[in-house]
Structures are given as C-alpha cells and as structure tokens.
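Chemist: turn this into a model:
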Amino acid sequence: MTDAKAPELAEPLRPAADLARLPRRFPGESEAYRQARNALLEQEIELRRHIERVAAQRRALPLGGQVPEDYRFEDERGAITLSQLFGDHDTLVTYNWMFGPQRERPCPMCTSLLSALDGEMPDILQRTAFAVIGRAPIDRLLAFKRERGWRYLPIVSSGGNTFNRDYAGEQPDSGDNPALNVFVRENGIVRHFWAEEMGFETADPGQDPRGAPDLMPIWTILDKTPRGRGVDWYPKLDYGTPAR
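Modeler: Predicted structure coming up:
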C-alpha cells in the first residue's frame with residue numbers, strides 16, 4: 001500500500017500532571033498565573049492524548065460499504081471518475097464544497113477552510129489523494145478558484161451524478177451540505193472508510209456544529225485567544241482588500 005499509517009504509541013506515558021510541572025516561565029508572570037497555566041497545560045496534554053486515542057480508533061475501523069458506482073465527475077480537463085481521482089494512492093479524501101448551481105457565490109466558511117487547505121495541499125498529496133467537489137458547473141468552480149488564487153486544490157464538479165446526495169445528504173433542489181469523506185481502494189474495489197458525521201444534530205447548546213478536531217485553522221488559532229471564536233463572527237469572501 002502506498003499510504004503508510006503512523007506507528008502506534010507503545011511506551012508508557014508519564015502522568016500529564018508531571019509533564020505540566022516542568023519549569024517554564026515568562027517575563028513578569030505571577031505565581032497565580034503559573035499555577036492556573038499549569039492546570040490548563042495538564043488538560044491540554046490530556047486532550048492531545050485523547051485526540052491520539054481517537055485517531056487510533058479511527059484508523060482501526062473496518063472498511064465501510066462498497067461505493068454503488070464509479071461516479072463520473074468533471075474537472076478542468078474533462079470527465080474523470082471516482083476511481084481515477086485516487087491517482088497513485090489507495091486513499092482518497094473528498095470535501096463537499098457548498099457551491100451548488102443555485103448559489104451565486106460559495107459558502108464563506110467552506111471557502112475559508114479550502115483557502116487554508118490549498119497551502120497544505122502539496123504536502124497532503126504526498127500521503128493521500130484529495131478532491132474538492134461542488135455541484136455547480138465546472139467553469140464556475142474554476143473561475144472562483146482563479147479569483148481566490150488557489151493553486152493546488154483539485155476541483156471537480158458533481159453536477160451530473162448523485163455523489164452529493166449519497167455522501168453529503170443533499171437533494172437536487174435543496175441547499176448544500178459540507179461533507180468530508182474518506183475512501184479506500186483495495187484490489188480495484190473502492191469502499192467508503194469514514195465520514196464526518198457531527199452536524200447540527202450532535203452540536204452542543206450554544207455551539208456551532210463542528211467535528212473534533214476542528215478542521216478549520218482559523219478556529220484553532222482564535223480558540224487560543226482571550227476572546228475566543230465568539231458567537232457572532234464568521235469569515236467573509238471579501239474584506240474589501242485592495243487588489244494587488
């Protein structure tokens with residue numbers, strides 16, 4: 001297989017409380033700050049370890065269902081099938097971009113995430129295949145890709161198939177749904193492996209629906225600030241920045 005899995009942790013772990021007491025000081029901090037910060041650090045270490053445990057459990061999933069058909073998409077060069085999207089990899093990650101034919105402009109939240117992923121894409125494509133899937137015609141998808149300055153994201157249109165219905169829960173005349181899916185190809189057979197299944201139904205009170213870990217780098221950064229991500233701010237497609 002071309003996509004190697006990370007090795008599992010084998011060595012016993014030191015207690016998080018011990019690691020959190022390692023000496024670290026910043027200029028001018030009080031003892032009260034350091035005590036509170038170490039208590040938080042202990043929880044951050046435990047959170048990191050829980051993320052690793054969940055990732056290992058995810059990797060251990062049995063394969064899901066065989067895809068019902070070799071979906072036919074359209075990219076900048078013409079027709080391309082789901083199996084062809086794998087390229088030389090045995091794993092394919094797909095992101096359903098909320099940019100259906102009924103939209104004049106794409107979803108700002110999806111676009112913010114995809115802008116971050118565009119910079120990471122040369123590295124991601126070393127480990128797995130990746131495709132961004134929208135239902136709008138390919139010309140509209142590619143026009144926005146050029147407008148946004150994306151260089152690396154593989155963009156395809158699913159306007160002529162049922163992929164979005166089958167793997168993002170969309171209906172032809174309804175709005176768009178974001179979706180992250182992982183597929184595996186083994187012995188020429190493509191099967192579903194994992195999907196992001198945390199949505200509005202699983203959201204906690206007062207919180208926007210999101211997975212764990214949160215895919216969006218912007219929230220990861222803002223969650224480390226005193227004001228956090230807030231409850232009334234979202235990314236925009238345009239901030240009025242002068243053209244360069």
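
Chemist: CA only for contacts and neighbour counts going forward, please
Modeler: Noted.

Chemist: residue closest to the middle of the chain?
Modeler: For the chain, residue 215 is the residue whose C-alpha lies nearest the centre (CA atoms, centre = their mean; 4.4 Å).

Chemist: how close does that residue get to residue 86?
Modeler: According to CA to CA, to the nearest Å, residue 215 and residue 86 sit 22 Å apart.

Chemist: where does this structure have low pLDDT?
Modeler: 1-10, 198-204, 209-212, 241-244 (pLDDT under 70).

Chemist: go through it and flag its longest helix.
Modeler: Across the chain, the helix with the greatest residue count (assigned by DSSP state H) is helix 31-59.

Chemist: so which bits of that one are buried?
Modeler: Residues of helix 31-59 classed as buried by neighbour count (16 or more other CA atoms under 10 Å): 34, 38, 41, 42, 45, 56.

Chemist: hang on, isn't the residue nearest to the centre of the chain packed against residue 113?
Modeler: Yes. Checked against CA atoms under 8 Å, the pair residue 215 and residue 113 is within contact range at 7.5 Å.

Chemist: do you have the strands of this structure handy? List them.
Modeler: Counting by DSSP state E, the chain has these strands, from start to end: 72-75, 78-81, 91-96, 129-134, 155-157, 179-186, 189-195.

Chemist: can I get these in JSON lines including distance to residue 221 and mean neighbour count?
Modeler: Written out in JSON lines, the entries for the strands of the chain read as follows (distance: least, CA to CA, whole Å; neighbours: other CA atoms under 10 Å):
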{"stretch": "strand 72-75", "distance to residue 221": "33", "mean neighbour count": "20"}
{"stretch": "strand 78-81", "distance to residue 221": "37", "mean neighbour count": "13"}
{"stretch": "strand 91-96", "distance to residue 221": "22", "mean neighbour count": "22"}
{"stretch": "strand 129-134", "distance to residue 221": "24", "mean neighbour count": "23"}
{"stretch": "strand 155-157", "distance to residue 221": "27", "mean neighbour count": "26"}
{"stretch": "strand 179-186", "distance to residue 221": "21", "mean neighbour count": "19"}
{"stretch": "strand 189-195", "distance to residue 221": "24", "mean neighbour count": "18"}
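
Chemist: now the ones you listed in TSV, with distance to residue 147?
Modeler: Below are the strands of the chain laid out as TSV (distance: least, CA to CA, whole Å):
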stretch	distance to residue 147
strand 72-75	17
strand 78-81	21
strand 91-96	19
strand 129-134	16
strand 155-157	14
strand 179-186	23
strand 189-195	29
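
Chemist: of these, which approaches residue 104 most closely?
Modeler: Put simply, out of the strands of the chain the one that sits nearest residue 104 is strand 129-134, at 13.0 Å, with distance taken as CA to CA.

Chemist: and the contacts of the closest one?
Modeler: For strand 129-134, contacts defined as CA atoms under 8 Å, 6 or more residues apart in numbering pick out 85-87, 89-100, 124, 141, 153-159.

Chemist: ok, now stretch 141-148?
Modeler: With contacts defined as CA under 8 Å, 6+ apart, stretch 141-148 is touched by 76, 99, 115, 134, 151, 155, 156, 157.

Chemist: closest to residue 229 among the residues you listed?
Modeler: Residue 229 has its nearest neighbour among the contacts of stretch 141-148 in residue 115, at 18.4 Å by CA to CA.

Chemist: which parts of the chain are helices?
Modeler: With DSSP H as the criterion, the chain has helices spanning 16-20, 31-59, 82-85, 108-124, 138-148, 163-168, 217-222.

Chemist: which elements pack onto the second one?
Modeler: Counting contacts by 3 or more CA pairs under 8 Å, 6 or more residues apart in numbering; DSSP states H and E, the secondary-structure elements packed against helix 31-59 are helix 16-20.
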